[in-house]
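[1] one predicted model, sequence on top.
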Amino acid sequence: MEAIVFEEFGGSEVLRHVTSAEVPEPGPGEVRLRVAAAGVNPMDWKVRRGLLEEFFPTTFPAVPGIEVAGTVDALGEGVTGLAVGDEVFGWSRTGGYARYAVGDRLLPKPAGLSWEDAVGLPVAGETAARVLAALGVREGETLFLHGAAGIVGTVAVQLAVAAGVTVVGSASASNHAYLRGLGAIPVAYGDGLAERVRAAAPQGVDAVFDAAGHGVLPVAIELLGGEGTARKERIATIAATDAAEFGIPYSVPEQDFSRVREWLTAQAAGVVAGTLRLRLADTLPLKEAARAQDLSETGHVRGKLVLLP
């Protein structure tokens, strides 16, 4: 089958486009799908560079990618609730940058949901819902969301605003109008961030969601009272690898898939109904996976990058 593979760690040049990769077989409880779209995430290039070996050991040759959307092609033993021909989206165990992929965390795709939007939901939707739940933000509170214009931030802003939360979101100036359109109060990155957030939210900040990293945790602590008095349980990061040094939890994916299913089913319905917007940065053919990962690695992608096999 057509796939992107790499056999050593390194830059995007280690990615090879092949047409003779072995088609994966689904095991018990697993589903194989013919991939219609694969999502590109920062995790993909970090795995390729060997930066996540402690958490996600790599067996070579490896196919990148964890997000997929496509049509069920084969069922493993014991699978219920899905049938060959069903359209699904979710996570791949064997790598999404391929014509076929296998996974066991897949959901039915609503008929009105495009392949591009479907593959943009799993990571961003799960992450946004999980972190907001962990922070316990509720109606009437104020959330500072660092990196609000990215795909995770885009979903999180809308979920929080819909719940009656005031959201102050950091982003580059070119994204401020976009954030206002989502219902957030935009502030600029850089020196003086804490002062700008306080000016935007004179009532104070109740929780901080760091979706971008770049050394913002000291600012988060300052906004919540300063070292020694900060409510650190109301700070969460998905981007700061030094979180433990500040006594702040690094948020990890939800293991209870029934909870994830509930979140993503509701979000998919919202996209179809037009009450939840996703931001598509670009679609590229599978053979341009290296270019897609290079774009992701810049950290300046506005929205979701999608590969189309």
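    Structure received. Residues are numbered from 1 along each chain as shown.
[2] quick check: the nearest residue to D294 once chain neighbours are set aside vs R291, distance?
    Spatially, and ignoring its direct neighbours in sequence, D294 is nearest to S12 (5.2 Å; CB to CB, 6 or more residues apart in numbering). All C-beta spots, glycine's among them, are computed from the backbone N, C-alpha and C. From S12 across to R291, the span is 8 Å (CB to CB, to the nearest Å).
[3] which stretches of this structure have low pLDDT?
    The chain contains no residues with pLDDT under 70.
[4] could you point out the longest helix of it?
    helix 257-273 (DSSP state H).
[5] what helices or strands is whichever helix or strand comes after it leaning on?
    Counting by DSSP states H and E, the next helix or strand C-terminal to helix 257-273 is strand 280-285. Applying 3 or more CB pairs under 8 Å, 6 or more residues apart in numbering; DSSP states H and E, one finds that strand 280-285 makes contact with helix 115-120, helix 289-298, strand 304-308.
[6] can you name every helix or strand that the longest one contacts?
    Identification of packing neighbours for helix 289-298 by 3+ CB pairs under 8 Å, 6+ apart yields strand 31-40, helix 42-48, strand 280-285, strand 304-308.
[7] any chance you could list what contacts the stretch of helix or strand V131 belongs to?
    According to DSSP H and E, V131 maps onto helix 122-135. With contacts defined as CB atoms under 8 Å, 6 or more residues apart in numbering, helix 122-135 is touched by 39, 41, 43, 66-67, 89-91, 143, 151-156, 159-160, 163, 207, 209, 234-236, 238, 249, 251, 253-254, 260, 263-264, 267, 278, 304.
[8] and the angle for it with helix 257-273?
    110 degrees (axes from the mean of the first three to the mean of the last three CA atoms, to 10 degrees).
[9] and R16, backbone torsions?
    Phi and psi for R16, reported as degrees, to the nearest 10, are phi -120, psi 140.
[10] which residues touch the residue nearest to it when sequence neighbours are not counted?
    Leaving aside its chain neighbours, R16 sits nearest to V5 (5.5 Å; criterion: CB to CB, 6+ apart). Contacts for V5 were tallied using CB under 8 Å, 6+ apart; they are 15-16, 18, 21, 61-63.
[11] distance of V5 relative to V208?
    Applying CB to CB to V5 and V208 gives a distance of 39 Å.
[12] try V40
    27 Å.
[13] ok, L33 next?
    37 Å.
[14] ok, now M43?
    22 Å.
[15] who has more neighbours out of these two?
    Using other CB atoms under 10 Å as the criterion, M43 and V208 rank with V208 on top: 28 against 18.
[16] so who does the residue nearest to that one when sequence neighbours are not counted touch?
    Closest residue in space to V208, ignoring its immediate chain neighbours: A220 at 3.9 Å, by CB to CB, 6+ apart. By CB under 8 Å, 6+ apart, the contact set of A220 is 144, 146, 208, 210, 230, 235, 248.
[17] can you give me phi and psi for A220?
    Dihedral angles (degrees, to the nearest 10) for A220: phi -60, psi -40.
[18] distance of it from Q293?
    29 Å.
[19] swap in A184?
    On the measure of CB to CB, A184 and Q293 end up 29 Å apart.
[20] then E22?
    For E22, the distance to Q293 - CB to CB - is 22 Å.
[21] who's L33 bridged to?
    V72, A101 (DSSP bridges).
[22] I figured it hits V79, correct?
    No - at 11.9 Å, L33 does not count as touching V79 under the criterion of CB atoms under 8 Å.
[23] neighbour count: those two, which is higher?
    Each of L33 and V79 has its neighbours counted (other CB under 10 Å); L33 has more, 27 against 17.
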